[in-house]
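Undergrad: sequence first, predicted coordinates after that:
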Amino acid sequence: MFYREAGQFKSTYAADMAVFPIRQDRIGIAVILLLAFVGVPLIGNDFFTSTVMIPFLVFSLAAIGLNILTGYTGLISLGTAAFMGVGAYAAYKLTTFFPGVNIIVLVLVSGLFSAAIGVLFGLPSLRIKGFYLAVATLAAQFFLQWAFVRVPWLFNYNASGAIEVPQRLFFGIPVTGASASPETRYFVCLVLVVVLTWFASNLVHGKLGRSWMAVRDMDIAAELMGIKLLNAKLLAFAVSSFYAGVAGAMMIFFWYGGGEAADVFNIRLSFNILFMVIIGGLGSLIGSFFGAAFIASLPTILKFGLPALGVPLSGATAEHVTFMLVGALIIVFLIVEPHGLARLWQIGKQKLRTWPFPY
Amino acid sequence: MKTSKLMKGAALGALLAAGAVVAPAYAQDSVYFANNAYRTGPFSGSGIPIGDGMRDYITMINERDGGVNGVKIVYEECETGYDTKKSIECYEQAKSKNTIVYSPWSTGATLAAIPRAHIDKIPILSMAYGLSASADGTQFPWVFIPPFTYWDGASVMVKHMAAELGGMDKLKGKKLGLIHLDAPFGKEPIPVLENLAKKYGFELKIYPVAAADMQNQGSLWLSIRRDRPDYLYNQGWGAMNPTAVKEAIKNNFPINKLVGVWWAGGDDDARAGGEQAKGYKSLSWANAGTGFPVMQDILKHVVEKGKSTTPKDKVGEALYNRGVYNSMLVVEGIRNAQKLTGKKVVTAEDMRRGLESLNITEARLKEIGMDGFATPTSISCTDHSGHSKMFVAQWDGAKWIKGSDWIEPLKDEVRPLIETNAKDYAEKAGNWPKRTESCEKSS
């Protein structure tokens, strides 16, 4: 009824090719951005901002990164956490060497280091596919995590082997370190995620994105059409690792604020991000956000939200109940829609267009 | 890719609602104490007895005395599963509920909380774990690490080895092996052991165990067989410890030459080795068993009244008793803070003052029914650890017994290292807050 494009005529090719061709969608995006930029800081308290929203943003970005590789190019990777780690350690070393350079610039630059490592470990993808590639990327996970523990230069020879995030200012406001307020850290993450999502959206809708999808659907056919597999696959690894690296740097600098970094970027994190991509929806940017909300934020909300709402749960019981609920929900969603939450979302919108008189 | 507002808006609204309801809720005549527990996950074997001990002592104080000078302690556990990510969530919750002290219960959680706590002004009580350098009160006014640090433990290990060999001069040419969890916690003793190895001329062999290989130490023990160290120090945690004990037996390593750090001294760690684990050693500062008045009170007022989930036969295990000791430090800290401020309901800032001038003497231990139970300790403005005495506990096949006299750590070795590292930490952090809190006289 109100979600219908009747009367919206497109008079240019550009308008027809727009990412959001329907006016309601554009309004929707504006409302979401308004909520994110104004609503969350106004309504949410420190606890909500720092334990739900910041992790959600970090995981969304990491999931977008993996989605570019797995969802759009069809290459499975189990090394996402390691690539995130590369970003985190690169940002840490960079800010040690160049303490005067803006930390947000350094976080973005650290993504380039991650991209380079990603390309290196992406080389086997030219020969092997599917599960075999997944196993090859496992090597990246184990080798890099080993390096994070074993190379003391990476953590500045800290006696505890931990990263200690120093305080860095952005126009006089602390954005990292303990005195940075959750709102500041949230804003920095939000701006980075919005800009990088916009960039990713342009990438996947452009020539490069189409070549990735061609490779995903059938790489021999793509090659015959003139797509260079070497370039397409390695670029996918590079862009994916760039996103993962930036997410990793954000994770340590704007969320954790230091600590046992080597332990954070473990294989479990890689799997979690893969689950976000699968449950959210392969080959869908919005799905990455859904997946991150479902896998990363929902358990936290259940664990702390249920007791706060008066459900008599505490400590370990809350944890067990959360495990069971989230596990059950994963099964339910995968039965209802194996193509992920993004597909469910699509179906929902399609139904809404014909509502209340479906045909 | 199309997007619309309805569902996502609703989802975001739900997120907001769930977050906003997490609000402080505590009565006037009580103080709130948040404790991180890990009753789930790979380390739950150690986490459950500790959590039980902590909870039962607080319950006992509330039941028997009606709280500390009439102020009840609202004790809440936050489940971390020994995961740093979850511990950060727990820290935020503890902060939003105005906890008087934060009890991180993992080195990773402590490291993540230290910078925050200095801004949020919440004292951290990391009992014999965490960042060793935080024993320097001038740089870390908000962190307390009684009764000693991992570095003290490493020095006592060397002293114990020397005592068995017949003197510090006998250490020359001997080999000490260190099995450690390959994580910040496990690596803690390395700098002290390296210094002492240089000083006394013994050789240090290091055997790291990756967290993923905790239960798979076969190849590591092959190298141990090859190197034949005279003594082994085990800085392990969770499933790694029973595995190490089992491997030592399997490889015919003399079990009484294997000494665990205090966290490797759980009952289940030793029990895994069966009959042959008899003689396994671990450093400790609190005796096991229920033969102390305080343990009898816990049994009488808490366990037998059904106010606890602890099985009766688990009361008095080594790790349980350390939980009791940790809660005792909290309770005594509150008591001291009340005395200093004259207030009944103390805040986190009062608690910091209370902990900083905490002095648990033999006499005080006797008053609270802990005579002979644990080490006396005293904290001062500069020394946030106490570097208290410890002993070597030994497994007699069924329980832990005291296997040595009280041994004092090599404070001269440890203290300079703590001060350099603390300064280094503060420098690297950039803009580390200078201590502004004034010092208390020790009570």
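TA: Okay, I see it. Residues are numbered from 1 along each chain as shown, chains lettered A, B, ... in the order given.
Undergrad: is stretch B:200-212 anywhere near chain A?
TA: Yes: residues of stretch B:200-212 are located near chain A by C-beta under 8 Å from any C-beta of the partner chain, namely B:210-212. C-beta here means a position set from N, CA and C on the backbone, and glycine is covered the same way.
Undergrad: for residue B:266, what are its contacts?
TA: B:45-46, B:49, B:241, B:317-319 (C-beta atoms under 8 Å, 6 or more residues apart in numbering or on different chains).
Undergrad: name the residues that touch stretch A:183-198?
TA: In contact with stretch A:183-198 (C-beta under 8 Å, 6+ apart) are residues A:33, A:36-37, A:40-41, A:49-50, A:53-54, A:57-58, A:60-61, A:64, A:104, A:107-108, A:170, A:173-176, A:243, A:246, A:250, A:254-255, A:285.
Undergrad: what helix or strand does the closest residue to chain B within chain A sit in?
TA: Per C-beta to the nearest C-beta, residue A:48 is where chain A lies closest to chain B, at 2.7 Å. For residue A:48, the enclosing helix or strand under DSSP states H and E is helix A:46-48.
Undergrad: can you check residue B:208 too?
TA: Here residue B:208 is assigned to strand B:203-209, by DSSP H and E.
Undergrad: now that strand: buried residues?
TA: Within strand B:203-209, the residues that count as buried by 16 or more other C-beta atoms under 10 Å in any protein chain shown are B:204-205, B:207-209.
Undergrad: cool, and stretch A:92-110?
TA: By neighbour count on 16+ other C-beta under 10 Å, the buried set for stretch A:92-110 is A:92-95, A:103-104, A:106-110.
Undergrad: so where's the stretch 301-443 of chain B shaky on pLDDT?
TA: Applying pLDDT under 70 to the stretch 301-443 of chain B picks out residues B:441-443.
Undergrad: residues of it that sit close to chain A?
TA: Close to chain A, as judged by C-beta under 8 Å from any C-beta, the stretch 301-443 of chain B has residues B:421, B:425, B:428-431.
Undergrad: now, those that are in helices?
TA: B:421, B:425, B:428-429 (DSSP state H).
Undergrad: I'd like to know which of those are buried.
TA: B:421, B:425, B:429.
Undergrad: and of the residues you listed, the nearest to residue B:182?
TA: For those, the minimum distance to residue B:182 (C-beta to C-beta) is 20.2 Å, reached by residue B:421.
Undergrad: let me see the contact set for that closest one.
TA: Remark: with contacts taken as C-beta under 8 Å, 6+ apart, residue B:421 is in contact with A:159, B:132-133.
Undergrad: cool, and residue B:248?
TA: With C-beta under 8 Å, 6+ apart, residue B:248 has these contacts: B:221, B:232, B:255, B:258, B:273, B:280.
Undergrad: neighbour-wise, which of those residues leads?
TA: residue B:280 (32 neighbours; other C-beta atoms under 10 Å in any protein chain shown).
Undergrad: so what's that residue scoring on pLDDT?
TA: Note on residue B:280: pLDDT of 96.
Undergrad: which residues touch the residue nearest to it when sequence neighbours are not counted?
TA: Closest residue in space to residue B:280, ignoring its immediate chain neighbours: residue B:395 at 4.5 Å, by C-beta to C-beta, 6 or more residues apart in numbering or on different chains. Listed by C-beta under 8 Å, 6+ apart, the contact set of residue B:395 reads B:270, B:277-282, B:401.
Undergrad: I'd like to know how many residues surround the residue of the stretch 151-300 of chain B found nearest chain A.
TA: The stretch 151-300 of chain B approaches chain A most closely through residue B:184 (4.1 Å), counting by C-beta to the nearest C-beta. The number of residues packed near residue B:184 is 25, by other C-beta under 10 Å.
Undergrad: residues in contact with it?
TA: Contacts of residue B:184 (C-beta under 8 Å, 6+ apart): A:160-162, A:260, A:263, B:107-108, B:111.
Undergrad: between the residues you listed, which is nearest residue A:301?
TA: For the contacts of residue B:184, the nearest to residue A:301 is residue B:108 (23.1 Å; C-beta to C-beta).
Undergrad: related to what we said a few turns ago, out of the residues of stretch B:200-212 next to chain A, who has the most neighbours?
TA: Neighbour counts for those peak at residue B:211, which has 19 neighbours (criterion: other C-beta under 10 Å).
Undergrad: once you drop chain neighbours, what's closest to that one?
TA: With C-beta to C-beta, 6+ apart, the residue lying closest to residue B:211 is residue B:183, at 6.1 Å.
Undergrad: show me the contacts for that neighbour.
TA: Counted by C-beta under 8 Å, 6+ apart, residue B:183 has contacts A:149, A:161, A:260, A:262-263, B:107-108, B:211.
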